[in-house]
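Visitor: fold the following.
(2 chains)
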Amino acid sequence: MRGLLGELATGNAGEEVTITDMEASIEHMSRATVRHVEGMLIVTEPYFRSLETVGRIAPLARELGIEHVWAVANKVRGQRDEEIIHSYCADHGIEIGGVVRWDEAIQEADREGRALIDFEPSAPAVAAIEQIADLLEREMTGTRENGSSGNGRGD
Amino acid sequence: MKIAVAGKGGSGKTTISATLSRVLARRGHRVTAVDGDPNPNLGVALGMSREQLEALVRIPKEIMEVKEEGERRNLVLTRPVEEITAEYATAAPDGVNLMVMTGVDHAGAG
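Guide: Alright, predicted model coming up:
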């Protein structure tokens, strides 16, 4: 019953979702820690060393059998930042799952020790992360095209 | 669906993990957020209060053991995952369940 209501309310069945904020260092990523992980988001800033980390993690993740591997561009300040990330990911065959632009609200929420979504629900960064949620939901529903549950993502 | 969020330290993984967890929970999904960072702050980023954060029970390292498998060192759970969830999950805003995995000793692992 609850499941049905959830489905009606969201257009998507309430799925079990686990989001693991992983350790920074890839060396600890083993088959066991990522067992049954279907998707990996690799957060990157628009500079070389951060992108190099993506370049190291993505092949390992695939090797461990993770089906979907996306880079998420974060702290993107302008056209050039975005180009750097797009070009690196294109060269390395890594799909971009989202672009979160530099948003002062993140720093301010951090400073106050609050959740970004509580501190500034309408922050552009929240909207960008909602688009990543859209992407994950599309994967959960098996990329089923469903007109009634469209999330209005234009890309 | 199980999602792992990786990236270089300071890249903003925790804010993205936390916000994503809250957004998905608001959309009706049953979300478990797992903090696997040695300096756990996913709870703060999820919007938990100081009292809630102080009451957090970290999953002890005895719950996992390292098993050598050829050249690989794998972490395996020593108890059923349901049991661990029931004992260590803490409620965060929007009904997100938080589990803090810190405590695993990686000394010498590089």
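
Visitor: can you pull out the strands in chain B?
Guide: B:2-7, B:30-35, B:64-69, B:72-77, B:90-91, B:97-100 (DSSP state E).

Visitor: what mean pLDDT does the third one have?
Guide: Per-residue pLDDT values across strand B:64-69 average out to 68.

Visitor: and for the last one?
Guide: Averaging the model's pLDDT scores along strand B:97-100 yields 92.

Visitor: the shortest one too?
Guide: Mean pLDDT, taken over the full extent of strand B:90-91, equals 92.

Visitor: could you check whether it is close to chain A?
Guide: No - Strand B:90-91 lies out of reach of chain A by CB under 8 Å from any CB of the partner chain, never closer than 14.0 Å. C-beta here means a position set from N, CA and C on the backbone, and glycine is covered the same way.

Visitor: could you report the pLDDT at residue 83?
Guide: With no chain named, the answer covers chain A. 96.

Visitor: hmm, no, I was thinking of chain B.
Guide: Looking at B:Glu83, the pLDDT reads 82.

Visitor: give me the number of residues near it?
Guide: 11 (other CB atoms under 10 Å in any protein chain shown).

Visitor: same check on B:Leu46?
Guide: For B:Leu46, using other CB under 10 Å, the count is 29.

Visitor: now it. Nearest residue, chain neighbours left out?
Guide: Computed as CB to CB, 6 or more residues apart in numbering or on different chains, the closest residue to B:Leu46 that is not its neighbour in sequence is B:Ala92, at 4.2 Å.

Visitor: so what's the one you found up against?
Guide: Listed by CB atoms under 8 Å, 6 or more residues apart in numbering or on different chains, the contact set of B:Ala92 reads B:Ser21, B:Ala33, B:Gly43, B:Leu46, B:Gly47, B:Met48, B:Gln52, B:Leu98.

Visitor: wouldn't the last one be in contact with B:Val44 here?
Guide: No - counting by CB atoms under 8 Å, no contact exists between B:Leu98 and B:Val44, whose distance comes to 10.6 Å.

Visitor: for these two, indicate the residue with more neighbours.
Guide: B:Leu98 (25 against 19).

Visitor: the more buried one and B:Thr14, how far apart?
Guide: 12 Å (CB to CB, to the nearest Å).

Visitor: nearest to chain A: which residue in chain B?
Guide: B:Gly47 (3.0 Å; CB to the nearest CB).

Visitor: now that residue: how far from B:Val5?
Guide: For B:Gly47, the distance to B:Val5 - CB to CB - is 17 Å.

Visitor: compare those two (neighbour count), which wins?
Guide: B:Val5 (28 against 22).

Visitor: quick one, what contacts the more buried one?
Guide: B:Val5 neighbours (CB under 8 Å, 6+ apart): A:Ile19, A:Thr20, A:Asp21, A:Met22, A:Met40, A:Leu41, A:Ile42, A:Val43, B:Lys13, B:Ile16, B:Ser17, B:Leu20.

Visitor: show me the residues you listed that map onto helices.
Guide: Of the contacts of B:Val5, the ones assigned to helices by DSSP state H are B:Lys13, B:Ile16, B:Ser17, B:Leu20.

Visitor: where's A:Ile66 relative to A:Ile42, distance?
Guide: On the measure of CB to CB, A:Ile66 and A:Ile42 end up 10 Å apart.

Visitor: so those two - more neighbours on which side?
Guide: Neighbours per residue (other CB under 10 Å) separate A:Ile66 from A:Ile42, with A:Ile42 holding more: 29 against 20.

Visitor: mind checking the SS state of the residue lying closest to A:His92 once chain neighbours are set aside?
Guide: Distances taken as CB to CB, 6+ apart place A:Gly55 nearest to A:His92, at 5.4 Å, with adjacent residues excluded. The three-state assignment at A:Gly55 reads helix, by DSSP: H, G, I helix; E, B strand; the rest coil.

Visitor: OK, contacts around A:Gly55?
Guide: So A:Gly55 contacts A:Tyr88, A:His92, A:Ile94 (CB under 8 Å, 6+ apart).

Visitor: redo that, cut-off 10 Å
Guide: With contact set as CB atoms under 10 Å, 6 or more residues apart in numbering or on different chains, A:Gly55 has these partners: A:Ile42, A:Thr44, A:Phe48, A:Ala71, A:Tyr88, A:Cys89, A:Asp91, A:His92, A:Ile94.
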